[in-house]
Every structure is written in structure tokens, then in C-alpha cells.
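**Q** the following block contains a protein sequence and its predicted model.
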Amino acid sequence: MRLGYDERSAALLVAPVLGVLLVVAAFPIVYSFWVSLHDIVLTRPLRRPFVGFDNYLRIFDDARFWTAVSRTTVYTLVCVVATTLLAVLVALLLNEVFPGQRLLSALLLVPWATPSVVNGLMWKWIYDPTYGLLNGLLVQVGLLERYRVWLSDPDITLLLIANAAIWKQMPLAALLMIVTMKAIPEDLYRAARVDGANVWQRFVHVTLPALRPGLMLVLVYETMISIRHFDLFLIMTQGGPGDASLTLSWLIYVETFRSLRFGTGAAMSYILAITTFALSWAVIRFLGKRI
Amino acid sequence: MARITCAALTKKYGDVVAVDALDLEIAHGEFMVLLGPSGCGKTTTLNMIAGLEEISAGRLSFDDAEVTWTPPHRREVAMVFQSYALYPNKTVRENIASPLPLRRQPAAAIDSAVAAAAAQLEITHLLDRRPNELSGGQRQRVALGRAIVRNPAVFLMDGPLSNLDATLRLSMRGLIKRLHQDLKSTFVYVTHDQAEAMTLADRIAVMRGGLIQQLDTPEGIYERPANLFVAGFLGSPPINLIEGVMAGGAFSRGGWRLALPNPPADGRSVTLGLRPEDVMVAAPGLARLDARVELVSPLGSETHLDVVAEGGLKLTLRVPKEWRAAVGDQIGFGIDPARLHLFDRASELRL
Amino acid sequence: MNRPLAPRVTRALLLTVFSALFVLYVAGPVAWLVSSSLQTEAQITEVPPNWLPPTPSIANFEAIFAASERVVTYENRRQGEALTSNFLPSGAANLLPAMRNSLVVGAWVAALNLLLSVTAAYAIAVIDFRGRRATLYVALATRVVPDIALVVPLFLVIRNLGLINSLGALVVTYLAITVPFTIFILISYFEGIPRDLYRAARIDGCGHGRALWHVYLPLSLPALVASLTFAFLTSWNEFVFALVLTQNVAAQTLPIIISGFIMDFTTSFSFVNAAGVIAIIPPVLMAVVFQRYIVSGLTAGAVKG
């Protein structure tokens, strides 16, 4: 086959992007695999023996790793489920036409635009045990008898971080749900009305089925995003108290940049990447068929 | 000058063959219509002539120059689309002028060319509007303006009238025909509307499954359809098809026999084609066939009758408007054997 | 026809309640941050907290901006009267340079991201070429890998190239984050533009460059604005890569400096909050101004699923 005008143009138009992605994404991904097969410790820069899959085996023997896996699982589940539910509720509200609806829609973008570092500092300040808003509010309305610690309580610290994450990522999910709702043909609602369906029945039989493609997208996207959260953990708890918020991302960071064990760090990264990929794939395959 | 030669032109999408080794020569100044149902490959053929689809195999030439690999913006063709394809962000004037700046013409020449095209299409008063302020017919006039302003050797039209309502379609049909007579360019026109094809074409290529079924003048196609598909595709209401066998030199179906002028061999399975207008209706008993009227559809200028003849044979007939019939009436009709079409049932080809 | 009153009242009531909850949840935390930044250290450390600043003052902001003009040391970091005991973070002087870095990186990322994504998205959406799907999949697949996993090898690569602490390294890194998503958004948008317009343009004499410039770009304004905003915000907000790839103040961006404030336990809350507000203003302003474009741009591909 000869290269026509179209293919020559396309090659020219696509080359810059592929170049950038090759250097800054594809090469590091491959390089990272090479690193994960070597025992690279930055404090001994000249010794980098090939160790095969030893790094991986060592990780699987590491109790911290399994702690991190369970923390990450809990955190991701909470984030994904709560974000999705909240997004559907917000979408139902903003899909209505009422005075002030445009203002609320504009407000929705505020969390989305907030830098995660500021998000972390803001919630950390709200959770502050002495001067924070949360204690002040709960005590003043009588829901809490006296001030208590929040982020330093190992039982709830993951949930509190998740709350900050949900606050920031709910808007995009809600936007996606609103667009999906707007695409539902009005005729479906009219037909349901003629058939005598009430508000709830219309939601269950018309809205919900039509939301499936949007829900799919939100579930996959939120899973991919939540599983890799890092910023909030660094700002808010640094994995603590104890190992209460030790997630995989945080463990990778500690292993790499505090212990300077690049080999095991890279191996953990690979495990996380493959898990994320497999999870997205599974969600798309299984839910994609059912939904 | 432009003579278009397609030699074994082929388009494949993966394993699907959209256009299958098409051979077609379109003469300079000819009005060629590609006619067929959707998915027959007519638009793909047009796109290959335009350069919008890469040619998988075969050769395409304009006059004696091969253009198989020439990208569309370097072919001297103009095109009009079913969806009008006007640039929504540009005024009518800018739309009509859009091909010209790219051909490096001086501003004054552009202005006068746009003015001339607009005058010819009677849209001078619309020049400063935007496409979304125009009706469908006006938009298609603008699209025609964008095509003629370039004075191209080849005009390609992809179902330009399909989105218009019936009355407008009729007047735009006249406009396109006059345009062809004035410009004397080569026109290639794609449509699934047989009336457009019949009225506009010098020659029609009827297509199906990526193949040309018949290439002939409109009269030739209607009078001598090459196969069952062509016979069924042209004509409204469609041709009546009656299946039977040859016996004793006559067409035979059940107890009904019809002698034919040049009968094929006995025992052959054939299909008889009878155009609804090729019958002479009379009182019952006087003609070759008696039938009972099932449905009467008066159109004003003529009347269509759905009848059931002897042996349960269902036919549609076209009769003059003066002929009053009611459901349940018994009528008789005669058939001129010379006007019948006979096809082999297995090969579907004309006999 | 006279509709019964009760359903309308119920609806209005429900809408009001849920709107109030929505505003409280979405805007409440930010409002509290802003309120805190307008109070003195003494005021925000009162118990119970002051919901609104008793005496609103922009002293915290002034102090931060003034800090860039002199070196903050342990000796002189104590600001103003002893009563308020305001402590400036030791990195306060770096805030303005960091803001400049953030702006520069953001502008470059926004511009280059658009340039790269528009051309690639046009090719993938419009041109029929071998490998178009593969190109899209490769681009999207790079985003499946978590940032934290890319950080390690990228750090090693960039360190070996001697580009640690360069803004250019940040720009290129951020492009790898923004480009795949932008391409995805633009492809959805471009595919929504009638194919016949493209065909008309090609017939009218446009090559691919002109078809992109004359037809696709003018008709994609919302998606283009959304892409610009998205890229700028991503760059402005990014933290992990900036943390690892920059190690001195000359190249550090705003989130890094602010996280430094947070880690500095002697820092007054009022300054940290003020710094947070400073970092939040540009992106939020941008998001609200371009709201219409962002919403239609970001969600262009969602309906098709």
C-alpha cells in the first residue's frame, strides 16, 4: 500500500503528541519495569544488581503492603460509592429548572477547581481538634458534648480524608450525570406519565436505566482516580496515625523517597498500575454488559 | 473539459466491498445519475470521484490525467451535499466565496463572481445572512452558488434535494436542470429518487451491492429493465411481478395462459413484469382477465386500483381519473403482450 | 387548566431544602477558609470559633506579600503587636516567585497542550489512517498508570538529564497528563461536527491544515476554551510531580510552597489559610468565568458513553 496524502498528513499531525508521550509516559513506564527488577537504593548509587522478581516477592511478604492494600480498598470503595451517590443526587437537583439553578451550577465548579493541596489544608483546618469548624459546629448545635480529635482518630481518619476527596471529585461526576440526564428523550417521560407512573416510578423506570452509560463512566473514572490519591495523604496525615491511613500511593512514596529504595518502590508502582488497569478493565467488561 | 473514466474502481472497508470493480465512463457535459437504494455504493463512488474516499483498487482519470491518488483539494471538482454543508459561522457571501480565496483570486474578481452566482440563483438579497436564518431551499441555493462560483469542470451532487419538501424539490429540480444546460459541465448526481433520476439524467447507472445493474438512458431503463431489480426499483406504483412457467409457448400460471411474442423454451420458470399503466381496463368479461377491486386510491390526476384477479393474483393498476370504481366492483382488463417484461426467475435477468 | 397547589408547594419546598444543603456542602468549607483568612491569629484561635471575621482585615495577605521584600528569619518573623502573635512561615518570601512559576508553567502547558491535542485529535477524529485507533489507545493507556508510579522513573530520567529544578521539565511532564484527556474531549467534539462540512471544505480546496483552521477550530470554541482551562488548572493544581521534580525555590510552584507552610508547625493558621485563599482564587475565577464552556467541553464525550 502506498502512503496517500491523508496518511502523510495524519503522521505529521500525530507525531508531536506521540513524541511527548513516548518521552514522558511510555519510556518511564518501561524504565520503571527495569528499575523494579533491580535492587536500586539511592544511598548506594553504584551498586544496582539485577534481582529479577525478588522485589515483588519481598513486597508480598511485607505486612505493610497488605495493610496498605486493605486501606486502599476501603478508601477507594468509600470514595467511589459516595461520590457516585452524591453525584446522582446533585444531578437530580440541578437538572430541575428553578430560580437560582444557574448560580448553583456555577458553585458546583468551585470544588472542582480547588487545588488538592488547598483542599487538604482546608479540611485539615476544619477537622482541627482545637480551633476547627467541625468541633465548633457540632458542639454548638449539641450533637457533640465536648471537643474531640478527628484526623488523629485511627478509626475514622480514612473516612475523613475520603470526605475531602469526595468533596473535590463529586462535581465532575455530577456534571457527567447531568449531561446524561439531559440526553434522555422527553417522550419517555411523557409516555410514562400517560401510563400513569408517579415520580418515583418514573425515576426507577425511565431515569435510572438511561443513566447507565453515565454511571459506567463515573464508576470507572472515580475508581481510577481514587485508587491513586496521594496529595491529601501527604498534607493531612502522612499515613498516620500509626498506619491508619497507609495507602499504596503513600507507601510507594515512603519506600521511594524516604527509604530511597527505588527498586521496591517501582515494583509497588507496577503492582498498583496493573491493579488499576485490571480493575478498570473488569468494570468495563462486567458492568458494561450488565448495565 | 472533463471526461471521467472509472476503471475497475473498488472500495473496500476491511472485508466489506462497498464498490466492486466499477467501470464507468462519463462523457464531457453529460448528466450522469447514480441511482440505487441506500448502501448500494453510489455515494461511495461519488466520494471516490471527489477524492473524499481513498480508492482501494482501480484507476480514476479526468480526461487523460490519472487522479487516483490526487487529494480532493487538488481536483477541480465542485460538490453539493444533501445536508447543504454550509459553514455556519460564515455569511452567505463568505460561504459562496469560500472556494475562491484558496485559489488565490483577486478580491474584485471574487466579488463579481459571487454577485454573478447569487444573481443566477436569485439569492442576492440573502448575501449578508447566515445559514441558520435561511430555509432549506435557500440553503441549497447557497450551496449551489458555492459550487458554480468556481466554474468547475465537474459537478458532484450527493442527494441535494433529499432534505427538501415535495414542492420545493420539484422547482429545485428544474433549477438544477437549467444549470446543467447553461454551464455545460459534467454532472454526476447521486439519488435514491427515481423521479429525479428520470427527469434529470442523460444516462442513469442503477446500482446495487456495489455493482452497476444497468447503464442506459432514462427511457431505456424504464422500457427495457435489464433485470428484476431494475424493473422493481423504477416505476411508481411499482411494477407487478407475476411468477409462472413457460408451457406451449405461452406464459402459464395456474389455469391462466398468456401467449407471448417471442416465447422462451417451454418449462422455464419465469417472472412476468407488468407496469400498472400497461393495462386497458374494461367491463368484466370483455377482456383477458377479470378481477375484483380491493382498494381504490384516487390521486386526482389518475387513480390506482389494487385488485385481485383470478387465482388470487394481486395486481396494482393505474387507470384514468375518469374511471370510477368502488371496492368490490368486478372489472376486466386487457394486456398488450408487447409491453410485457419477461425475466428468468433463477438469474433474474431479462429474457 | 388549574393545577392543584399542593404538588407545587411540595416541589418548591424540596428544592429549597436541597439547594440549601447543596450550598452548605459545596461552598461552606471554602467560605470558612476565606473567613479564617480575614481574621487575626487571635480571632481564629478563639473557642468557640468565630463564624464570620469580627473585624475583617486583609493583614494576613499584606504580610504575605510584604514578606517577599525581605528575608524572613527566626528573629524577625514575629509580626506586628505581641498580642496577635502572628508567625510568618519561613518560606513566605517564596510565595510570590512560586505564584509566578505556577503562572508561567500553567500558560505554557495550556498553550502547548492545545496545540498538540488539536492536531492529534483532528487526525484521529477526521482522517482515516491506519493506526488511528492504536494512537488513541496508546494515548489513553498512558493515563491508566497512576501518577505516583510514573514519578519514580520520571525522576530518574529527568535527574539523569540534569533537568531537575527546570520549569521546562514540569511543562513537558504536565503535557503528558493533560494531552490524552484533551485529545479525548476534542475527538468527541470534532466528531460532532457534521462530516459534510469537512467534505465541503476539502472540495473547496482546503488541505488538512486549512480544514482544521477554517472549519474545525471556529466551530469548536467551547471545547477549546474548556481545554485551555482544564490544562491550566491541572498545571496550577498539580502537586506530586512538582514535589519530586523541583527541589529549590527557583522552580517550585505554589502548591509546593503552600504544603511547606502546612508542614511548618510554627506557622500561624491565619497565614496558611490566607495562602490557601491566594492559591484558590485564580482557578476558581477561571472555572466560574468559563463555566458554560467547561461544562459543554468536559462532558462532550459522556453522552455517547
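**A** Okay, I see it. Residues are numbered from 1 along each chain as shown, chains lettered A, B, ... in the order given.
**Q** how near is the residue most central in space within chain A to residue B:190?
**A** Chain A has residue A:226 as the residue nearest its centroid, 1.9 Å off, counting by CA atoms, centre = their mean. Counting by CB to CB, to the nearest Å, the gap from residue A:226 to residue B:190 is 52 Å. Using the backbone N, CA and C atoms, a C-beta is placed for each residue, glycine as well.
**Q** so who does residue 29 touch?
**A** In the absence of a named chain, chain A is used. Contact analysis of residue A:29 by CB atoms under 8 Å, 6 or more residues apart in numbering or on different chains lists A:273, C:142, C:145, C:150, C:153.
**Q** the intended chain is chain C.
**A** A:122, A:123, A:126, A:167.
**Q** could I get the full set of helices for the stretch 101-250 of chain A?
**A** A:101-113, A:116-126, A:133-140, A:157-182, A:186-194, A:199-202, A:208-226, A:231-236, A:248-253 (DSSP state H, counting those that start in this stretch).
**Q** let's have the ones you listed in TSV, adding mean pLDDT.
**A** As requested, those are exported to TSV (pLDDT from 0 to 100):
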stretch	mean pLDDT
helix A:101-113	90
helix A:116-126	92
helix A:133-140	86
helix A:157-182	91
helix A:186-194	84
helix A:199-202	84
helix A:208-226	84
helix A:231-236	90
helix A:248-253	90
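**Q** got these as TSV, with distance to residue C:250 columns?
**A** Output for the helices of the stretch 101-250 of chain A, formatted as TSV (distance: least, CB to CB, whole Å):
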stretch	distance to residue C:250
helix A:101-113	27
helix A:116-126	20
helix A:133-140	36
helix A:157-182	29
helix A:186-194	58
helix A:199-202	60
helix A:208-226	31
helix A:231-236	22
helix A:248-253	24
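**Q** among those helices, which is nearest residue C:254?
**A** Smallest distance to residue C:254 across those (CB to CB): 8.1 Å, for helix A:116-126.
**Q** and the angle for the closest one with helix A:157-182?
**A** 120 degrees (axes from the mean of the first three to the mean of the last three CA atoms, to 10 degrees).
**Q** wait, does helix A:116-126 contact chain C?
**A** Yes - using CB under 8 Å from any CB of the partner chain, helix A:116-126 reaches chain C at A:116, A:117, A:118, A:120, A:121, A:122, A:123, A:124, A:125, A:126.
**Q** rewinding a little: same list (the helices of the stretch 101-250 of chain A) but as CSV, adding distance to chain B.
**A** Compiled in CSV, these are given as follows (distance: least, CB to the nearest CB, whole Å):
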stretch, distance to chain B
helix A:101-113, 25
helix A:116-126, 38
helix A:133-140, 50
helix A:157-182, 22
helix A:186-194, 23
helix A:199-202, 34
helix A:208-226, 26
helix A:231-236, 41
helix A:248-253, 42
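**Q** so the nearest residue in space to residue A:32 that is not next to it in sequence: helix, strand or coil?
**A** The shortest distance from residue A:32 to any non-neighbouring residue, by CB to CB, 6 or more residues apart in numbering or on different chains, is to residue C:153 (3.9 Å). Classification of residue C:153 using DSSP: H, G, I helix; E, B strand; the rest coil returns helix.
**Q** least confident pick among the contacts of residue A:29?
**A** Minimum pLDDT for the contacts of residue A:29 is recorded at residue C:145 (76).
**Q** the nearest residue to it once chain neighbours are set aside: neighbouring residues, count only.
**A** Nearest non-adjacent residue to residue C:145, counting by CB to CB, 6+ apart: residue A:273, 4.5 Å away. Using other CB atoms under 10 Å in any protein chain shown, residue A:273 has 20 other residues around it.
**Q** quick one: contacts of the helix or strand hosting residue A:273?
**A** Using DSSP states H and E, residue A:273 falls within helix A:262-282. Residues outside helix A:262-282 that contact it (CB under 8 Å, 6+ apart): A:29, A:32-33, A:35-42, A:51, A:55-56, A:58-59, A:65, A:220, A:223-224, A:227-228, A:248-249, A:251-252, A:255-257, C:144-146, C:148-150, C:152-153, C:156.
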